[in-house]
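1. using only what follows, build the 3D model:
(one chain, ligands or ions: 1)
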Amino acid sequence: MMSAADRCVDEFRFRFGRRGPELIPIMLGGMGVDISNADLALEIARLGGIGHISDAMVPTVTDRRYDTTYTKEKLKRYKYNVKSLDKSGVKFDLGLLAEAQKMHVLRTMERKRGPGLVFINCMEKLTMAAPKETLKVRLEAALDAGIDGITLSAGLHLGSFALIEEHPRFRDAKLGIIVSSVRALQLFLKKSARTRRLPDFVVVEGPLAGGHLGFGLDWARYDLRTIVAEVLDYLRREELDVPVIPAGGIFTGTDAVEFLEMGAAAVQVATRFTVTKECGLPDRVKQEYFKANEEDIEVNTISPTGYPMRMLKSSPCIGAGIRPNCEAFGYLLDANGHCAYIDAYNREVEKNPHAKTIHVWDKTCLCTHMRNFDCWTCGHYTYRLKDTTHRLPDGSYQLLTAEHVFNDYRYSKNHEIALPPREVEPAPAAAAS
Ligand SMILES: Cc1cc2nc3c(=O)[nH]c(=O)nc-3n(C[C@H](O)[C@H](O)[C@H](O)COP(=O)(O)O)c2cc1C
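-> Coordinates of the predicted model:
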């Protein structure tokens, strides 16, 4: 009998419903802030898979990419409040937020080529000082601007379908959700039942993923395969035809085949694409990912969202004590203007009234640090990235192309990982040895 190791992902295809385009069952997961950027997502779509952009901190992203000035204008508007501990008056202008989101999506979609799709990852935990209102604007603007699909993430999203049920594209765009347990999926389906619309897909994210985790600090007790089996079983029992897409720690094509053979429709992957040329991380940070060893990675609780997050222990955001910049950013403020980092920061300032610099260890200012690529969130298997490329004569690692990584997932067998063509010949001494 053929085993998973003898097969490759290319033997499988995926389509949404009967009429959707035939897709390679590889989905690039959303990586905010602008880590899975338009270049990376578009490349995956060109190759026939599904690429994700992210709408995390979208006005800040359009400022950097398209020379808008939303962040500067917001800071100007709320400058009077910078020294105040009370952030309850700091809000996003919903019209401007819609404008930024439309620009972000339109500029991406107008460059789309090839048979694949481009989705957007929308995190509920980005509460933006008015959780419901801002999420509604982000979802609607993405649909207006022609996104192929939306993936609801970082939250239970119990009311998210209802927020957009009146939108003309509510039934034609592909809408899915990320869950980390069958229970979360059951809750979502129950609360969304009134909209008479099933999700078009469900991403089941296990404990080895990057970014925020849908698990506690006991994440290591869980395993993706078991959760996927539970979700598949539940959907079968309920006779619900929803494609299941596992994510988290799928590092080789054979890992992917094992899930496809179990009945998954596709796989969602991210970590291996963090070291591609197209990826939005600065090159110096990509080298940090390559260099990382297993003991250099941790799951901690410094994200103000309350979700554990996996990151490199050397991330500059850990222990940094910068002043909260909510007047410019404020993406994690709740409806009352609270963010766990503000509380932690104020506590340290009170304890050290004369200190020039302070350190905050228990929380981090995710807005500023994600914007500056100083929070090096990563998947568990980041320590294996060094085995996916060549070491260069100067000790750094050769960056990959998204096409190379995609094709490796698509065609490789037996857990093998194809190295890219060398861009630099090794030094003669090294070549001889
Ligand atoms: C650098 C990085 C940033 C991420 N950011 C997000 C995010 O903003 N939203 C989200 O839903 N998932 C995020 N993720 C999770 C991925 O979309 C994906 O589901 C997961 O990492 C897949 O596992 P893998 O990285 O082992 O392939 C992120 C992952 C990484 C590596």
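2. phi, psi for residue 122 please.
-> Dihedral angles phi and psi of residue 122 (degrees, to the nearest 10) take the values phi -120, psi 110.
3. give me the distance between it and residue 178.
-> As defined by C-beta to C-beta, to the nearest Å, residue 122 lies at a distance of 10 Å from residue 178. Any C-beta I mention is one placed from the backbone N, CA and C, and that applies to glycine too.
4. which residues do the two both contact?
-> Common neighbours of residue 122 and residue 178 (criterion: C-beta atoms under 8 Å, 6 or more residues apart in numbering): 151-153.
5. neighbours around the residue in the stretch 151-300 of the chain that the ligand sits nearest to, how many?
-> Closest contact between the stretch 151-300 of the chain and the ligand, by C-beta to the nearest ligand atom, is at residue 210 (2.5 Å). Residues within reach of residue 210, counting by other C-beta atoms under 10 Å, total 27.
6. try residue 286
-> 20.
7. kindly report the same for the one 3 residues further on.
-> Using other C-beta under 10 Å, residue 289 has 23 other residues around it.
8. which SS state does residue 162 fall under?
-> Under the three-state scheme (DSSP: H, G, I helix; E, B strand; the rest coil), residue 162 adopts helix.
9. same check on residue 80?
-> Classified using three-state DSSP, residue 80 is helix.
10. please point out which parts of stretch 182-194 sit buried.
-> Buried residues in stretch 182-194, counting neighbours by 16 or more other C-beta atoms under 10 Å, are found at 182, 184-185, 188-189, 191-192.
11. other residues contacting it?
-> 156-162, 177, 179, 198-199, 202, 214, 227, 230-231, 234, 240.
12. the ligand contacts on the stretch 101-250 of the chain?
-> For the stretch 101-250 of the chain, the residues in contact with the ligand (C-beta under 6 Å from any ligand atom) are 121, 123, 153-154, 178, 205, 208-211, 247-250.
13. what do you get if the cut-off is 8 Å, keeping everything else the same?
-> 121, 123, 151, 153-154, 178, 203, 205-206, 208-212, 247-250 (C-beta under 8 Å from any ligand atom).
14. now, the residues you listed that are in helices?
-> Assignment to helices by DSSP state H places none of those there.
15. for residue 416, grab phi and psi.
-> Here residue 416 shows phi and psi, under degrees, to the nearest 10, equal to phi -80, psi 150.
16. my error: substitute residue 225 in the last question.
-> Torsion angles, degrees, to the nearest 10, at residue 225: phi -60, psi -40.
17. from residue 249, how far out is it?
-> Counting by C-beta to C-beta, the gap from residue 225 to residue 249 is 10 Å.
18. follow-up on the earlier one: of the contacts of stretch 182-194, grab the buried ones for PyMOL.
-> Typed into PyMOL, the line below selects the buried ones among the contacts of stretch 182-194, using 16+ other C-beta under 10 Å:
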select buried, resi 157+160+161+177+179+198+199+202+214+227+231+234
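19. could I get the contacting residues of the residue lying closest to residue 29 once chain neighbours are set aside?
-> Leaving aside its sequence neighbours, residue 29 sits nearest to residue 270 (C-beta to C-beta, 6 or more residues apart in numbering; 3.9 Å). By C-beta under 8 Å, 6+ apart, the residues touching residue 270 are 28-29, 31, 36, 209-211, 247, 379.
20. what do you get if the cut-off is 6 Å, keeping everything else the same?
-> 29, 31, 210 (C-beta atoms under 6 Å, 6 or more residues apart in numbering).
21. looking at the stretch 301-433 of the chain, which residue is nearest the ligand?
-> residue 379 (3.1 Å).
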